[in-house]
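>>> With the sequence up front, the predicted model follows.
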Amino acid sequence: MARSGAQAPGSSAANEITGESVLLSFGTDGIRGVANLELSPELVMTIGRAVARVIPADRVAVGCDSRRSSTMLQAAVSAGVASEGADVYDLGVFATPGVAWYCETQGIPGIVISASHNPFRDNGVKVFAPGGLKLSEDVEKSIEAEIEGCIHGTRRKPRPTSGHAVGRIIPVNGAEEAYIDHLIGSLGGRSLGNLALVVDCANGSAWKVFPETLRRAGADVVAIGCSPDGVNINDDCGSTHPETLAGEVVSLGAHMGLAVDGDGDRLVAVTGSGRVVDGDELIALFALDLLDRGLLSGQTVVVSVMSNLGLTNLLKDRGIRVRETMVGDRHILEELDRLGLSLGGEQSGHIIFRSMATTGDGILTALMLSDLVVRSGKTLEELTTDLLKRVPQVLLNVTAPDPASVISTPEAIEALREVEEMLNGAGRVLVRASGTEPLVRIMVECDNEDFAGELAGKLAGELKRVSMQNTLSSTSP
């Protein structure tokens with residue numbers, strides 16, 4: 001099965017204020033770019049204005065992660081929102097799922113300044129609809145159009161200038177405590193029973209909330225990645241670098257390790273022996289546990305096209321139906337809500353417990369996993385050994401300034417067709433433009449790992465050539 005698709009439309013324009021090229025498109029998880037270059041304060045203020053115009057509200061929650069550029073961009077987006085007449089509820093450094101939860105409790109929209117798992121030089125703008133829900137594609141397109149209109153002066157609208165019509169920026173106190181209480185409440189009064197955990201906070205926005213929540217739930221916690229300095233977010237730590245956590249777990253003899261990413265919305269785990277447990281295995285554990293307890297709505301789980309075929313095979317063997325979506329937890333959530341389902345997630349560790357959250361929440365996932373381990377009376381090692389029979393899957397990334405244009409070229413389409421013919425129906429190939437980074441992502445899956453690697457390498461080589469050719473063409477006089 002071959003698939004090719006761009007997760008981020010390639011729309012850009014020149015910023016009249018700075019003269020720079022700016023990214024105007026929502027990817028799989030907001031608008032991202034290099035902070036202070038592609039994502040300038042001027043552009044981010046314009047994004048704030050556009051959000052306030054497209055999603056009318058008298059209050060908007062705004063939070064950010066721990067990057068050095070985040071407070072600058074948070075100030076910019078807050079100014080944009082306030083200039084359109086809405087009050088900004090300033091949450092400061094706050095995990096993305098915590099902002100979503102706050103929006104849900106208040107019934108208001110929200111904005112998060114974060115680039116999630118990306119390197120520190122990047123940043124992004126994530127927007128939640130009222131109630132903490134991800135935006136629909138139609139709303140995203142409306143915001144993009146409003147941004148372009150503001151930049152080019154084609155959408156003129158008078159701003160409020162008098163009295164109470166101008167928005168204020170109001171610091172929020174006590175939100176972290178309330179969020180922790182909400183998370184602990186998901187356990188229904190159960191304790192984690194002195195479970196020995198090492199947690200990696202990725203030097204990100206969850207560095208306080210993550211270990212504190214697990215401690216209050218009864219676990220014995222050693223925390224790493226809890227010294228954010230503005231540039232060390234996701235730097236050899238967190239869910240994208242679990243090897244650091246694995247070493248600590250083995251060294252300390254902990255029961256298991258838990259790692260979130262820079263904004264706290266994804267989780268990967270590590271067994272007592274240091275083996276990494278990714279989102280596919282976590283989804284399998286949660287699905288089987290919910291099924292056994294009669295809590296798996298529709299006996300169906302939602303996964304993305306990146307999930308290993310072994311997960312689908314396991315769930316189907318246990319009588320659980322599987323629905324597949326495009327990459328991105330927004331698509332997972334849309335399918336959960338459309339079908340009234342309770343569990344969905346991605347291989348990356350974005351997992352949604354729909355009855356408890358409106359988005360992926362790494363801290364909630366960590367609590368649910370710890371609770372499952374305690375209730376089972378087994379270790380994570382015992383629970384996951386021989387659980388998932390993975391189909392060999394090779395993942396490669398190709399750097400490309402404009403990944404969407406690369407995969408749409410005739411050469412890339414022909415290379416994809418050739419690989420599909422070589423698989424002859426005995427595997428899958430997926431080529432897509434990353435929605436969060438300037439990368440083309442390649443996945444080849446089949447029973448022969450060496451053959452999968454050969455095919456992935458063939459595709460990668462062709463896409464590198466096409467990307468280089470595109471770059472030379474765009475820079476030649």
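Structure received.

>>> Under the pLDDT cut-off, which ranges of the protein? List them.
By pLDDT under 70, the weakly predicted segments of the chain are 1-24, 28, 472-477.

>>> continuing past the helix or strand E382 falls within, what's the next helix or strand?
Per DSSP states H and E: E382 is located in helix 380-384. On the C-terminal side of helix 380-384, the nearest following helix or strand under DSSP H and E is strand 393-399.

>>> Surely R432 forms part of a helix?
No - with DSSP: H, G, I helix; E, B strand; the rest coil as the criterion, R432 is located in strand rather than a helix.

>>> since we're on it, how many residues are nearby?
24 (other Cβ atoms under 10 Å). C-beta here means a position set from N, CA and C on the backbone, and glycine is covered the same way.

>>> Hmm, V440 and it touching each other?
Yes - the pair R432 / V440 is scored as a contact, 7.4 Å apart, by Cβ atoms under 8 Å.

>>> where do the contact lists of these two overlap?
I407 (Cβ atoms under 8 Å, 6 or more residues apart in numbering).

>>> Next one: the closest residue to H241 other than its chain neighbours from F286, what distance?
Nearest non-adjacent residue to H241, counting by Cβ to Cβ, 6 or more residues apart in numbering: N234, 7.4 Å away. Applying Cβ to Cβ, to the nearest Å, the value for N234 to F286 is 25 Å.

>>> Please identify which of the two sits among more neighbours.
N234 (25 against 22).

>>> Just say helix, strand or coil for that one.
Quick answer, by three-state DSSP: N234 is coil.

>>> my guess is L291 meets T300, correct?
No - contact criterion Cβ under 8 Å: L291 and T300 do not qualify, at 10.3 Å.

>>> what about those two, which has more around it?
Using other Cβ under 10 Å, the more surrounded residue of L291 and T300 is T300, with 20 against 17.

>>> who does that one bridge with?
As for beta bridges, T300 partners with R321 under DSSP bridges.

>>> a strand runs through D450, doesn't it?
No - if the criterion is three-state DSSP, then D450 is helix and not within a strand.

>>> Show the contacting residues for E176.
Going by Cβ under 8 Å, 6+ apart, E176 touches 94, 98, 208-209.

>>> quick one: what helix or strand has it in it?
E176 belongs to helix 175-185 when assigned by DSSP H and E.

>>> residues of that helix that come out buried?
Buried residues in helix 175-185, counted by 16 or more other Cβ atoms under 10 Å: 175-176, 179-180, 182-184.

>>> could you redo the residues you listed as a markdown table and give each row distance to A115?
A markdown table is the format used below for these (distance: Cβ to Cβ, whole Å):
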| residue | distance to A115 |
| --- | --- |
| A175 | 22 |
| E176 | 21 |
| Y179 | 21 |
| I180 | 25 |
| H182 | 25 |
| L183 | 24 |
| I184 | 29 |
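
>>> ranges for the helices of the stretch 101-250 of the chain?
For the stretch 101-250 of the chain, the helices defined by DSSP state H, counting those that start in this stretch occupy 137-152, 175-185, 209-216, 242-252.

>>> now for the last one, which elements pack on it?
The one in question is helix 242-252. When contacts are defined as 3 or more Cβ pairs under 8 Å, 6 or more residues apart in numbering; DSSP states H and E, helix 242-252 packs onto strand 196-200, strand 220-224, strand 256-260, strand 267-271, strand 276-277.
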